[in-house]
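J.: Just need the structure, nothing else, for what follows:
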Amino acid sequence: MWWFWLMLAVVGIIAVIFKIYLQMVKGKCTSKADLTGKVAIVTGANSGIGFATTEDFARRKCRVIMACRSMERGEKARAKIVEKTGNTNVVVRKLDLGYMASVREFVDKILKEESRLDILINNAAAAGAKRQITSEALEYTLATNHLGPFLLTNLLIDLLKKTGASRIVMVSSLVNIMGKINFNDMTWIRKFDTGEPYFDTKFANILFTKELSRRLEGSDVVINCLHPGTIRTKLLRDVPQPFKIICDTIGLLYFKSPDEGAQTTIHCAVCDATKGVSGQYFMDCTPCDHTWYINKNAYDEGLAKKLWEVSEQMTGMTSS
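T.: Got it, this is the predicted structure:
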């Protein structure tokens, strides 16, 4: 009978792998929305999901501002997008979310140049292999993944409100379920490994989404967050080599392409079905609140409010 149990185990493993595969690849934005006359900002727009999102918006005739840490890589990406879409109304602006001074300089430039902002995509992220404290005394992963987007969004909120019916999209991750917020060690002094800071900051993205959604009640601005799927991107370029090799190998078989991974971001940003929807967590272009996919503490309003207050202090932002 051993062969029966072996066969059963093999079938079970295949079924689990197939289910994971379906979860990774399904979900496509079917909206044909035209974005003529609209303005969008996409952070981390020169590669991966950010590049795919920018290209999609450009095809929809949107004016897209590519917020990139490297102007050189940004300009190269812009040239490819213009060539592919024929839309020359795509520009690159320097932004390093790991530094609050860079965020403020970026926003100052945007407010001088732009009269409206319809879509803000907080897409850029870091998954560093080692703890890095910036010249502003902030841990770089925390700054890039949470504090930078927190400050950027808040500094642009008046322009978003002025435009009306604007949308903010936070690219989180399924790993948020493993995240926690330790207010006694926000920079992981006691413990820093490859995964923990990324898990924690992706959870912070969800708490920020839900808290800002509550604060935006009564306005025309909505904010939602999402898990894009497991994507073949350069996010893991700085993690230890053995782990990266394993992920790259598995990724060839099971991970989404950047174009596939951008679908839920695009859905939240342009689809009629998400008009007026706010504070939700999406997977595969569908709202998802199952505890398998979202942190059990995601609905803790007290935790979200405290994180907001601590983030204000860490970024030097004064509450309005």
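
J.: and the residue lying closest to Leu35 once chain neighbours are set aside, what pLDDT?
T.: Nearest residue to Leu35 in three dimensions, chain neighbours excluded: Cys62, at 3.6 Å (C-beta to C-beta, 6 or more residues apart in numbering). Bear in mind the C-beta positions are built from the backbone N, C-alpha and C, glycine included. Per-residue confidence at Cys62 stands at 98 (pLDDT).

J.: Next one: Cys62 from Gly98, what distance?
T.: 27 Å (C-beta to C-beta, to the nearest Å).

J.: what about the two, which has more around it?
T.: Cys62 (27 against 24; other C-beta atoms under 10 Å).

J.: Can you report phi and psi for that one?
T.: Backbone torsions for Cys62, taken as degrees, to the nearest 10, come to phi -80, psi 150.

J.: what ranges do the strands span in this protein?
T.: 39-43, 63-68, 90-94, 119-122, 167-171, 222-227, 281-283, 286-287 (DSSP state E).

J.: Need these in a markdown table (columns: distance to Asp185).
T.: Shown next, in a markdown table, are these (distance: least, C-beta to C-beta, whole Å):
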| stretch | distance to Asp185 |
| --- | --- |
| strand 39-43 | 26 |
| strand 63-68 | 30 |
| strand 90-94 | 31 |
| strand 119-122 | 24 |
| strand 167-171 | 23 |
| strand 222-227 | 24 |
| strand 281-283 | 26 |
| strand 286-287 | 33 |
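
J.: could you dump the ones you listed to JSON lines with mean neighbour count and distance to Gly179?
T.: JSON lines is the format used below for the strands of the chain (neighbours: other C-beta atoms under 10 Å; distance: least, C-beta to C-beta, whole Å):
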{"stretch": "strand 39-43", "mean neighbour count": "27", "distance to Gly179": "20"}
{"stretch": "strand 63-68", "mean neighbour count": "27", "distance to Gly179": "24"}
{"stretch": "strand 90-94", "mean neighbour count": "18", "distance to Gly179": "29"}
{"stretch": "strand 119-122", "mean neighbour count": "28", "distance to Gly179": "16"}
{"stretch": "strand 167-171", "mean neighbour count": "27", "distance to Gly179": "14"}
{"stretch": "strand 222-227", "mean neighbour count": "26", "distance to Gly179": "12"}
{"stretch": "strand 281-283", "mean neighbour count": "22", "distance to Gly179": "13"}
{"stretch": "strand 286-287", "mean neighbour count": "14", "distance to Gly179": "20"}
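
J.: For Asp272, find the nearest of these.
T.: With C-beta to C-beta as the measure, strand 167-171 is the member of those nearest Asp272 (11.8 Å).

J.: could I have that closest one exported to CSV, CA atoms only?
T.: Extracted in CSV, the C-alpha atoms of strand 167-171 (Å, rounded to 0.1, in the frame of the first residue of the first chain):
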residue,chain,number,x,y,z
ARG,A,167,-7.0,57.6,-7.1
ILE,A,168,-4.1,56.6,-4.9
VAL,A,169,-2.8,53.0,-5.3
MET,A,170,-0.4,51.4,-2.8
VAL,A,171,1.5,48.3,-4.1
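
J.: quick check: mean pLDDT across it?
T.: 98.

J.: and if you look at stretch 42-58?
T.: The model assigns stretch 42-58 a mean pLDDT of 97.

J.: just stretch 219-235 next, same as before
T.: pLDDT averaged over stretch 219-235 gives 81.

J.: now stretch 180-195
T.: Rounded mean pLDDT across stretch 180-195 is 80.

J.: before we move on, what about stretch 95-112?
T.: The pLDDT scores in stretch 95-112 average 98.

J.: can you check stretch 265-275 too?
T.: Taken as a whole, stretch 265-275 has a mean pLDDT of 96.

J.: which residues are in contact with it?
T.: With C-beta atoms under 8 Å, 6 or more residues apart in numbering as the contact definition, stretch 265-275 has outside contacts at 27, 29-31, 33, 35, 40, 49, 53, 56-57, 60, 119, 121, 123, 165, 167, 169, 171, 222, 224, 226, 228, 282, 285.

J.: buried sites along that stretch?
T.: Neighbour-count burial for stretch 265-275 flags Thr265, Ile266, His267, Cys268, Ala269, Val270, Cys271, Thr274 (criterion: 16 or more other C-beta atoms under 10 Å).
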